[in-house]
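A.B. asks: The sequence and its predicted three-dimensional model are supplied below.
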Amino acid sequence: MVAVIFIPLLLVLFYLISPAYPWALCLLIAGLSMIAVHEVLWSTGFLKHTRISGYSIILAGLIPFWVYYDGRPLPALCGLFVYVVLLFAKATSACLWRSWEAPFS
């Protein structure tokens with residue numbers, strides 16, 4: 001679905017609109033990346049974890065903007081660190097919640 005819809009739009013945007021609005025190409029690539037991550041998570045079955053999939057989709061949308069505007073490694077490493085901390089917090093909260101929930105069920 002992504003290839004059918006966004007590849008022709010990407011070509012049109014690249015050849016016609018990109019010289020006038022260079023941010024539009026970055027926005028389209030970010031949207032394409034977010035949809036691709038959603039499809040990968042859907043096909044692997046990880047979409048049932050809404051927070052984890054949301055974190056992954058947001059990070060996939062931010063990476064093209066980082067490449068287009070900055071490109072330095074420090075902001076990318078900080079973003080990846082925040083992503084891993086959020087994943088760790090979600091994983092530990094799920095384990096703690098289950099251990100408290102188990103005696104009461």
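C.D. replies: Cool, the structure landed.

A.B. asks: contacts, neighbours, all on C-alpha from now
C.D. replies: Fine.

A.B. asks: ranges for the strands of the protein?
C.D. replies: For the chain, applying DSSP state E gives no strands.

A.B. asks: just how off-centre is the least confident helix or strand in the chain by mean pLDDT within its chain?
C.D. replies: Least confident helix or strand of the chain, by mean pLDDT, DSSP states H and E, is helix 2-12 with a mean of 72. Relative to its chain's centre, helix 2-12 lies at 19 Å (CA atoms, centre = their mean, to the nearest Å).

A.B. asks: what's the answer for stretch 81-93, then?
C.D. replies: For stretch 81-93, the distance to the chain centre is 15 Å (CA atoms, centre = their mean).

A.B. asks: Same question for stretch 17-28.
C.D. replies: Counting by CA atoms, centre = their mean, stretch 17-28 is centred 20 Å from the centre of its parent chain.

A.B. asks: Could you do stretch 51-68 as well?
C.D. replies: Its chain's C-alpha centre lies 3 Å from the corresponding centre of stretch 51-68 when counted by CA atoms, centre = their mean.

A.B. asks: What residues of it count as buried?
C.D. replies: If you call a residue buried by 16 or more other CA atoms under 10 Å, then stretch 51-68 has these buried ones: 52-53, 55-57, 59-66.
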